[in-house]
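Student: Predicted model and sequence follow; I will ask about them next.
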Amino acid sequence: MKNEIITEFVKFKMLDSTSVEHLLLKAEILNEFQIRQDGYIDSELVKKSDENSWCLIYHYESLEKVKVIGEKMRCSKVFDEFIPLIEPGSLEITFCQQFKKW
């Protein structure tokens, strides 16, 4: 099977009551969980400069490995501890397959 890099976009808005420091702490814990998973490549946290909109961006080796990581995440408390920091209904998760890299 050919290499099929998958990018996961986890978009959300942070609650006004959540501090940036607390969000960064919980995002770091999420990232530590991801780093230990087979198929993880790298990740980053980005923020729109004029809004309270954030996006966690993850890269994985394949869709199959993403599915396994997702199941592990749902069975752990790591994501459950992150959810209370974001506006209800603002979470949007999408996956894209890399077609070309320059």
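Tutor: Looks like it came in fine.
Student: What residues of the helix or strand of the chain with the lowest mean pLDDT count as buried?
Tutor: Within the chain, confidence by mean pLDDT, DSSP states H and E is lowest for helix 78-82 among all helices and strands, at a mean of 89. Neighbour-count burial for helix 78-82 flags 78, 79, 82 (criterion: 16 or more other Cβ atoms under 10 Å). Using the backbone N, CA and C atoms, a C-beta is placed for each residue, glycine as well.
Student: Check stretch 19-39 too.
Tutor: In terms of neighbour count (16+ other Cβ under 10 Å), stretch 19-39 has its buried residues at 23, 26, 27, 30, 31, 33, 34, 37, 39.
Student: So which of those sit within helices?
Tutor: Assigned to helices by DSSP state H, the following of the buried residues of stretch 19-39 qualify: 23, 26, 27, 30, 31, 33, 34.
Student: looking just at contacts, which helices and strands does the least confident helix or strand of the chain meet?
Tutor: On a contact count with 3 or more Cβ pairs under 8 Å, 6 or more residues apart in numbering; DSSP states H and E, helix 78-82 meets helix 20-35.
Student: Chain neighbours aside, what residue packs nearest to residue 9?
Tutor: Among residues not flanking residue 9 along the chain, residue 94 sits closest, at 4.9 Å (Cβ to Cβ, 6 or more residues apart in numbering).
Student: Pretty sure that neighbour sits in a strand.
Tutor: Yes - membership of residue 94 in a strand is supported by DSSP: H, G, I helix; E, B strand; the rest coil.
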